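K.L.:
With the sequence up front, the predicted model follows.
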Amino acid sequence: MTSDNSAVTILVPGKLHEHAAKRVDGAFRMVRVDRADPKFVTDDMAGSVRGIAAMTAINAAFIDALPKLEIIANFGVGYDAVDAKHAGKKGVMVTNTPDVLTEEVADTALGLLLNTVRELPRAESWLREGRWVRDGAYPLTGTTLRGRRAGIFGMGRIGLAIARRLEAFGLPVAYHNRSRVESVGYEYHPTLLGLAEAVDTLISVAPGGAATEKAVNAKVLEALGPNGVFVNIGRGSTVDEAALAKALADGTIRAAGLDVFANEPNVPQALLDAPNTSLLPHVGSASVHTREAMADLVADNLVSWFGSGRPLTPVPETAHVAAKQR
Ligand code: 8YV
């Protein structure tokens, strides 16, 4: 069922994926502001905005500045930048974009792992710089996937998709998660430290937020050990980056592959300088195909909410929020 939402005002703060903006603009009355800052909220917006479509941080003050707000449709599966707890308390629904990016991010994770362990970007640079001709074969890599034991931090949908790929690569898989996932048979470790002790290849898919802040710390890296490889495809905030840089420099661990950083787009110089890192600019889900599917899910959540009062993919913190009678 489609309903006429052309009088419903949706606010887009900052940049939004073009396809998402097009769909929101086509179905609703879209208004835009430079940033999600209460100082940009006009009286008209305060009196009319019922939804937000965002690819940026939404804090409590911004939510409070929009008294008619009913729903925040977040572009991305990770929604640590949205104060979903506050939204839940205020009766505001928050949605994210799970599932549609799962396989893409898992593919990227495996690519990043291979880049890290087999030094593929460095080997390509060797070829491009003419060194194959000048100096001969690229040096044999000291690390290999063969014989490795993988540990996944965060056994959600993406964690599981990565685990399945690792199995196909012939690696045993263990995991740490807030709680055991009954539907999976992989070895469960109730602590991240315990997981790091049991494996030599740690892949973090953990969400950001207070509960995981700097969870991958000096102790965890030490437990991973001198043959250890750390890959992060989740959130940079889950890592103590200074401890990681130190561990890479002094041989506490062997190598790291990172797609996410604590203060994007800024990457600590020590990580850029380290010869044993493979670094990507947060491209886990960044294909035209997948980003368009995410954009559609942002718009579909808004359409569903204002059509039937039900979101498609609510986040747990706001699952209890019911649509107002209209
Ligand atoms: C996006 C992501 O890069 O979905 C997520 O949580 O981190 C990525 O897929 C991001 O949300 C777009 O800003």
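P.N.:
Perfect, I can see it now.
K.L.:
Can you read off the pLDDT for residue 77?
P.N.:
Residue 77 is assigned a pLDDT of 98 by the prediction.
K.L.:
Which residue is the nearest non-sequential neighbour of it?
P.N.:
Nearest non-adjacent residue to residue 77, counting by CB to CB, 6 or more residues apart in numbering: residue 98, 4.9 Å away. C-beta here means a position set from N, CA and C on the backbone, and glycine is covered the same way.
K.L.:
residues contacting that neighbour?
P.N.:
Counting by CB atoms under 8 Å, 6 or more residues apart in numbering, residue 98 touches 77, 157, 313.
K.L.:
What about the residues you listed, which are in helices?
P.N.:
Applying DSSP state H to the contacts of residue 98, the entries found in helices are residue 157.
K.L.:
which of the contacts of residue 98 tops the neighbour count?
P.N.:
residue 77 (23 neighbours; other CB atoms under 10 Å).
K.L.:
how distant is stretch 251-259 from the center of its chain?
P.N.:
The chain centre lies 19 Å from the centre of stretch 251-259; the measure is CA atoms, centre = their mean, to the nearest Å.
K.L.:
ah, wrong one, I meant stretch 10-25
P.N.:
20 Å.
K.L.:
What is the end-to-end distance of that stretch?
P.N.:
Length of stretch 10-25, first residue to last, CA to CA, to the nearest Å: 9 Å.
K.L.:
Please tell me how far the residue of the stretch 151-300 of the chain found nearest the ligand sits from residue 208.
P.N.:
Per CB to the nearest ligand atom, residue 285 is where the stretch 151-300 of the chain lies closest to the ligand, at 3.4 Å. Separation of residue 285 from residue 208 (CB to CB, to the nearest Å): 15 Å.
K.L.:
ok, the two, which is more surrounded?
P.N.:
Between residue 285 and residue 208, counted using other CB under 10 Å, residue 285 has the larger neighbour count: 25 against 18.
K.L.:
Could you list which residues are in contact with residue 76?
P.N.:
Counting by CB under 8 Å, 6+ apart, residue 76 makes contact with 55, 96, 97, 285, 294.
K.L.:
So which of those wins on neighbours?
P.N.:
Taking other CB under 10 Å as the neighbour criterion, residue 97 ranks highest of the contacts of residue 76 with 27 neighbours.
K.L.:
Which secondary structure state does residue 202 sit in?
P.N.:
Under the three-state scheme (DSSP: H, G, I helix; E, B strand; the rest coil), residue 202 adopts strand.
K.L.:
List the contacts of it.
P.N.:
Counting by CB under 8 Å, 6+ apart, residue 202 has contacts 150, 151, 153, 195, 196, 216, 220, 224, 228, 229, 230, 231.
K.L.:
Over to residue 63?
P.N.:
Taking CB under 8 Å, 6+ apart, we find residue 63 in contact with 69, 72, 83, 86, 87, 90, 92.
K.L.:
Around the ligand, pick out the residues from the stretch 1-150 of the chain.
P.N.:
For the stretch 1-150 of the chain, the residues in contact with the ligand (CB under 6 Å from any ligand atom) are 55, 75, 76, 77, 78, 101.
K.L.:
rerun that using 8 Å as the cut-off
P.N.:
Contact residues (CB under 8 Å from any ligand atom) of the stretch 1-150 of the chain with the ligand: 17, 55-56, 74-79, 96-97, 101, 105.
K.L.:
Name the pair among those residues with the greatest separation in space.
P.N.:
In terms of CB to CB, those reach their longest pairwise distance at 56 and 105, which sit 19.9 Å apart.
K.L.:
Which one of these two is surrounded by more residues?
P.N.:
Remark: of residue 56 and residue 105, residue 105 carries more neighbours, 23 against 17, as counted by other CB under 10 Å.
K.L.:
The more buried one touches residue 282, doesn't it?
P.N.:
No: counting by CB atoms under 8 Å, residue 105 sits too far from residue 282 to count as a contact (10.8 Å).
K.L.:
And the residue of the stretch 51-200 of the chain closest to the ligand?
P.N.:
Counting by CB to the nearest ligand atom, the stretch 51-200 of the chain gets nearest the ligand through residue 76, at 2.3 Å.
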